[in-house]
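S.K.: Quick check, what structure comes out for this input:
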Amino acid sequence: MLRRLLVVGLAWASLCAPSLARAGTVAIFYYPWYGTPLADGGWQHWNQNGHRPPADLYSRFFPALGPYSSSDPAVVERQMAEISAAGVDEVVVSWWGRGSAEDARLPLVVSTARRHGLLVGIHLEPYPGRSPAAVALDLAYLAAFGVRDVYVYHPRDFAAADWSGLRAQVPSTMRVFAGTEKVGFAAAGRFDGVYTYDFLTNHGGKFSRLCTQARALRLACAPSVGPGYDGHRAGEPPQGRTRQDGATYDALWSAAVAAHPDVVTITSFNEWGEGTQIEPAQARRGYLGYDGAWGLSGTAAQTAYLARTAYWTGRFHAIR
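M.R.: I've put the predicted structure just below:
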């Protein structure tokens with residue numbers, strides 16, 4: 001079976017080699033799903049798992065901005081400025097289908113990101129009714145926003161053969177990545193590349209193998225790095241990974257750069273519920289903070305992960 005998948009993948013790769021031209025990109029997963037009563041008529045996400053904002057949030061960390069609305073132009077402006085200053089090239093926006101809250105906020109994110117020189121990609125989530133046929137229509141819709149990269153989360157909800165039929169309908173300017181370490185599956189599904197998102201299971205020790213296999217099939221490789229994981233307050237699975245004062249982030253970045261990927265993806269800018277965010281956090285009683293990261297404390301620690309991201313994006317861009 002693996003031999004057949006490799007043959008299919010190589011045959012297809014010869015037709016889509018131009019998709020690998022956009023190399024050396026750093027992309028970051030971004031969540032426009034937060035709401036407040038004042039801006040949105042109610043709390044969104046901050047109150048998950050029975051929590052009571054504004055003092056009691058679903059995250060182990062407390063944002064420097066406090067619990068904010070993703071509909072607030074001033075918030076999005078500040079976020080895009082921070083992402084751009086950190087040397088990131090592309091904002092990958094969590095998107096839950098047409099008509100969702102994330103869809104309604106997409107124009108604001110796109111226009112603000114562009115103003116800061118950022119590209120916009122889409123993290124195509126498993127929204128109700130998602131199918132390869134529905135995704136074909138999604139891609140045409142998203143292309144109108146100038147979206148160039150689409151990252152399909154949980155692609156193995158469908159067979160590779162179902163995804164392969166989508167290829168002819170993908171806009172010529174767009175790449176479609178499969179969120180999987182199964183490179184043969186991505187090749188058989190005629191995706192342009194693979195990314196991992198989850199850095200617990202798909203840890204740094206797997207990055208070189210992933211990218212070697214992807215290169216063999218002429219697929220783009222986009223391993224995902226992150227600062228740590230703690231979703232306890234949000235009701236997420238108990239598995240976690242501590243930040244170790246920044247050592248976790250450095251180790252994953254070092255492994256990603258050593259794998260010579262086409263893209264490095266960062267999980268995440270602001271997934272506060274899972275504790276993977278690098279967005280500034282404030283020290284607050286009852287919450288974790290960034291104090292101690294790279295020896296920083298106080299106000300300087302709030303932006304420690306953005307500063308370190310700038311260091312790593314600089315290194316990656318220098319060798320690409």
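
S.K.: which regions of the chain lie under the pLDDT threshold?
M.R.: Within the chain, the ranges that satisfy pLDDT under 70 run 1-23.

S.K.: all helices of it, in order?
M.R.: Here the chain has its helices, by DSSP state H, at 2-13, 37-40, 73-85, 101-115, 132-143, 160-164, 183-188, 207-216, 247-258, 299-302, 304-319.

S.K.: Single out the most deeply packed of those.
M.R.: helix 183-188 (a mean of 24; mean count of other Cβ atoms under 10 Å). Where you see a C-beta, it was placed from the backbone N, CA and C, and this is true even at glycine.

S.K.: Quick one: closest of the helices of the chain to A64.
M.R.: Nearest of the helices of the chain to A64, taken as Cβ to Cβ: helix 299-302 at 5.2 Å.

S.K.: Burial check on the closest residue to Y195 other than its chain neighbours, number of neighbours?
M.R.: In this structure, Y195 finds its nearest non-sequential neighbour in A222, 3.9 Å apart by Cβ to Cβ, 6 or more residues apart in numbering. When neighbours are counted by other Cβ atoms under 10 Å, A222 registers 28.

S.K.: and A222, what is it in contact with?
M.R.: Taking Cβ atoms under 8 Å, 6 or more residues apart in numbering, we find A222 in contact with 27, 151, 177, 193-196, 261-265.

S.K.: Pretty sure T36 sits against S69.
M.R.: Yes. Under the criterion of Cβ atoms under 8 Å, T36 makes contact with S69 at 4.5 Å.

S.K.: Quick check: beta-bridge partners of the closest residue to Y31 other than its chain neighbours?
M.R.: Closest residue to Y31 apart from its sequence neighbours, by Cβ to Cβ, 6+ apart: S94 at 4.8 Å. Beta bridges link S94 to H123, judged by DSSP bridges.

S.K.: tally of neighbours for S94?
M.R.: Neighbours around S94, by other Cβ under 10 Å: 20.

S.K.: Same check on the one 5 residues further on?
M.R.: Around G99 there are 9 other residues, counting by other Cβ under 10 Å.

S.K.: Could you tell me the phi and psi values at it?
M.R.: G99 adopts backbone torsions of phi 90, psi -10, taken as degrees, to the nearest 10.

S.K.: quick one: contacts for it?
M.R.: No contacts exist for G99 under Cβ under 8 Å, 6+ apart.

S.K.: swap in the one 3 residues further on?
M.R.: E102 sits next to 32-33, 93-96 when contact means Cβ under 8 Å, 6+ apart.

S.K.: and it, how far is that from S94?
M.R.: Going from E102 to S94 by Cβ to Cβ, to the nearest Å gives 6 Å.

S.K.: Spit out the residues that contact the two alike.
M.R.: Here E102 and S94 share the contacting residues 32-33, scored by Cβ under 8 Å, 6+ apart.

S.K.: residue contacts, R233?
M.R.: Counting by Cβ under 8 Å, 6+ apart, R233 makes contact with 49, 51, 57-60, 273.

S.K.: What separation is there between it and A301?
M.R.: Applying Cβ to Cβ, the value for R233 to A301 is 21 Å.

S.K.: try P67
M.R.: Using Cβ to Cβ, P67 is found at 20 Å from A301.

S.K.: Export the helices of the chain as a markdown table, with columns for distance to A293.
M.R.: Converted to a markdown table, these look like this (distance: least, Cβ to Cβ, whole Å):
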| stretch | distance to A293 |
| --- | --- |
| helix 2-13 | 40 |
| helix 37-40 | 31 |
| helix 73-85 | 16 |
| helix 101-115 | 26 |
| helix 132-143 | 35 |
| helix 160-164 | 39 |
| helix 183-188 | 33 |
| helix 207-216 | 23 |
| helix 247-258 | 8 |
| helix 299-302 | 6 |
| helix 304-319 | 4 |
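
S.K.: So for L200, which of those helices sits nearest?
M.R.: Among the helices of the chain, if distance is taken as Cβ to Cβ, the winner is helix 247-258, at 10.5 Å.

S.K.: Just give me how far that closest one sits from the chain centre.
M.R.: Centre-to-centre, helix 247-258 and its host chain are 16 Å apart (Cα atoms, centre = their mean, to the nearest Å).

S.K.: which helices and strands sit right next to it?
M.R.: Where contact means 3 or more Cβ pairs under 8 Å, 6 or more residues apart in numbering; DSSP states H and E, helix 247-258 is packed against helix 207-216, strand 224-225, strand 263-266, helix 304-319.

S.K.: Summarise which helices and strands the last one is packed against.
M.R.: Looking back up the chat, that one is helix 304-319. Against helix 304-319 (3+ Cβ pairs under 8 Å, 6+ apart) you get strand 25-30, helix 73-85, helix 247-258, strand 263-266.

S.K.: Identify all contacting residues around the shortest one.
M.R.: Outside strand 263-266, the residues within contact range by Cβ under 8 Å, 6+ apart are 23-29, 88, 92, 151, 193, 195-197, 220-226, 253, 256-257, 278, 309, 312-313, 316.
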